[in-house]
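Asks: Need coordinates for the following:
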Amino acid sequence: MTTLLLPPLRELRPTLTTPRKKSKTGGKRGGTHTSKNVPYTRSGDKGTSQLFTGERRPKDDELFEAMGTVDELCSIVGVVHATLPRRPSTDETYVVLSDWLVDVMSRLFDIGAVIAKPSDPPASFDPVHAEELEYRIDSLTESLPELTSFILPTGSVASAQLHVARTVCRRAERR
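Replies: Numbers count the residues shown, from 1 in each chain. The predicted structure follows:
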C-alpha cells in the first residue's frame with residue numbers, strides 16, 4: 001500500500017499551475033491550480049448543489065442527505081477494510097472479508113449514483129445483491145455462538161467500526 005505524503009503547502013504552491021479563472025474551475029474542468037479532475041465544483045456556493053440530472057436543489061434537500069449518509073457508510077466500510085491485515089494473509093477469512101467489503105463499497109457507490117439521478121419510475125436493484133449480502137452474513141454468523149442478548153460495540157477496531165457502519169446503514173434506510 002502506498003501512502004502519499006504531501007510537503008507543506010508553502011513548498012507545494014510553486015509547483016502548481018497558475019491559477020485559472022474561478023468560473024471555469026472544479027470537477028472535470030480542473031482545479032484552481034491544476035488541470036486534473038478535482039473533487040470540488042465551485043458551483044454550489046449559493047446554498048445549492050447539482051444532481052446527476054443537472055437539476056439544482058438546496059444543499060439540505062433530502063436527496064443530498066441520503067447521498068451523504070450512503071457516502072458516510074461507504075467511508076466507514078473503507079475504514080474497516082483498511083484495518084484488515086494486508087495480503088498475503090494466512091487466515092483466508094480476512095482475504096474473503098476484504099473482497100466482500102470492496103464489493104459492498106461498490107454497491108454503495110451504485111446506490112449513491114441512483115440517488116443522485118432520480119427517475120420515474122425509481123430505479124431498482126437486482127435482488128441478488130441483497131441475497132448475496134445475507135448469505136455472507138449468514139456464513140460468518142454460522143461459526144458464532146447463538147445470540148442471546150445485544151452485542152456491545154467492542155472487540156477489534158474493525159468490529160467496532162462495523163457496528164458504526166450498521167447504525168449508519170440503518171439511518172440510510174430511513175432516508
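Asks: Helix or strand: which one has residue 111?
Replies: Here residue 111 is covered by helix 92-116, with elements defined by DSSP states H and E.
Asks: Go ahead and name everything in contact with the helix or strand following that helix.
Replies: The C-terminal neighbour of helix 92-116 among helices and strands, as given by DSSP H and E, is helix 128-141. Here helix 128-141 makes contact (C-beta atoms under 8 Å, 6 or more residues apart in numbering) with 100, 104, 107. Backbone N, C-alpha and C define where each C-beta goes, glycine included.
Asks: ok, now which ones touch residue 54?
Replies: Residue 54 neighbours (C-beta under 8 Å, 6+ apart): none.
Asks: Assign it to helix, strand or coil.
Replies: Under the three-state scheme (DSSP: H, G, I helix; E, B strand; the rest coil), residue 54 adopts coil.
Asks: for it, phi and psi?
Replies: With angles defined as degrees, to the nearest 10, residue 54 sits at phi 100, psi -10.
Asks: worst-scoring helix or strand of this protein, pLDDT-wise?
Replies: Least confident helix or strand of the chain, by mean pLDDT, DSSP states H and E, is helix 9-12 with a mean of 55.
Asks: check contacts around the residue positioned nearest the centre of the chain.
Replies: A centroid search over the chain (C-alpha atoms, centre = their mean) returns residue 74, at 2.9 Å, as the residue closest to the centre. Counting by C-beta under 8 Å, 6+ apart, residue 74 touches 105, 108-109, 112.
Asks: Ignoring the adjacent residues along the chain, who's closest to residue 71?
Replies: Among residues not flanking residue 71 along the chain, residue 112 sits closest, at 6.1 Å (C-beta to C-beta, 6 or more residues apart in numbering).
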